[in-house]
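**Q** Below are the sequence and a predicted model; questions follow.
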Amino acid sequence: MEAAGVTDDSIDELSETYLEQVTECVGALDSVFDGNVSGVDRVESLESQCDETGRALQSALGAAAPTFRSVYLQAGDLAEFYTRVDEVANNAEAVALDYRATGAYLGNVRPHLREMVADAVVASAHLETATAAYLGEDEDETVSEAVSRIRTLERACDDRRHDAVRVAFEQRDAADALVVRELVRGADAVVDAVEDAADHLEFMVSLSP
């Protein structure tokens, strides 16, 4: 493929694949917190796939064919957006690895963590929708609506985080509870990263010609 010849369609397809992989990676956290022994390995594998596709996507952006579409005109901002999306998968892997390393007792915190993962999956799916709308140059309302839903989920996840930390300190001594609290914060960071990417996408829409 020639450096100057990467088409918008190719970038759109790579983007769709990438966002789907990120959502799948986030969803795999559910099996981690459900106690599946192979769950962490699956998250690691999916995060590696995300990295591979992300690199291909960044390279494609750098070689995009000149057009009057946002993919070319806002290539720098779009590259930054995908860097922020990468943090979603990175945070998912980080919390999975921390859980395996600590062997933390979750107890009654487990349902709260799984609910946070469910929120993160839905938020990531909304990010897929928003990204596709931006790349397809659809109505800006589609992006705004998806971003609004992501923010609502992030606030809900904050509430779940507070509940989870409270339960952690109720069921274990302070030392154990502190370990669980860090895992809860790690799960919350996944949703925060989705919101951060969504905020950047909305910023790009505001700059679109």
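**A** Great, that's in hand.

**Q** Dump the C-alpha coordinates for stretch 26-39 into PDB.
**A** Extracted in PDB, the C-alpha atoms of stretch 26-39 (Å, rounded to 0.1, in the frame of the first residue of the first chain):
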ATOM      1  CA  VAL A  26     -13.000  -4.600  28.600                       C
ATOM      2  CA  GLY A  27     -15.700  -7.200  28.600                       C
ATOM      3  CA  ALA A  28     -13.200  -9.900  29.400                       C
ATOM      4  CA  LEU A  29     -12.700  -8.300  32.800                       C
ATOM      5  CA  ASP A  30     -16.000  -9.900  33.800                       C
ATOM      6  CA  SER A  31     -14.500 -13.300  33.700                       C
ATOM      7  CA  VAL A  32     -11.500 -12.100  35.700                       C
ATOM      8  CA  PHE A  33     -13.700 -10.800  38.600                       C
ATOM      9  CA  ASP A  34     -15.900 -13.900  38.300                       C
ATOM     10  CA  GLY A  35     -12.900 -15.900  39.300                       C
ATOM     11  CA  ASN A  36     -12.100 -17.600  35.900                       C
ATOM     12  CA  VAL A  37      -8.500 -18.700  36.200                       C
ATOM     13  CA  SER A  38      -7.900 -18.000  32.400                       C
ATOM     14  CA  GLY A  39      -9.600 -14.600  32.500                       C
END
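
**Q** all helices of this protein, in order?
**A** Remark: helices assigned in the chain by DSSP state H are 8-27, 29-33, 39-62, 70-73, 75-102, 110-135, 140-171, 174-207.

**Q** Pretty sure residue 192 sits against residue 154.
**A** Yes - using C-beta atoms under 8 Å, residue 192 is in contact with residue 154, at 6.6 Å. Quick note: C-beta positions are derived from backbone N, CA and C, even for glycine.

**Q** got the helices of the chain as JSON lines, with mean pLDDT and mean neighbour count columns?
**A** Formatted as JSON lines, the helices of the chain follow (pLDDT from 0 to 100; neighbours: other C-beta atoms under 10 Å):
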{"stretch": "helix 8-27", "mean pLDDT": "94", "mean neighbour count": "20"}
{"stretch": "helix 29-33", "mean pLDDT": "96", "mean neighbour count": "23"}
{"stretch": "helix 39-62", "mean pLDDT": "95", "mean neighbour count": "18"}
{"stretch": "helix 70-73", "mean pLDDT": "68", "mean neighbour count": "19"}
{"stretch": "helix 75-102", "mean pLDDT": "95", "mean neighbour count": "20"}
{"stretch": "helix 110-135", "mean pLDDT": "96", "mean neighbour count": "22"}
{"stretch": "helix 140-171", "mean pLDDT": "95", "mean neighbour count": "18"}
{"stretch": "helix 174-207", "mean pLDDT": "95", "mean neighbour count": "20"}
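
**Q** pretty sure residue 196 contacts residue 86?
**A** No - the pair residue 196 / residue 86 is not scored as a contact, 11.1 Å apart, by C-beta under 8 Å.

**Q** At the geometric centre of this structure, which residue sits there?
**A** Centre of the chain computed as the mean C-alpha position; nearest residue by C-alpha atoms, centre = their mean is residue 88, 3.2 Å away.
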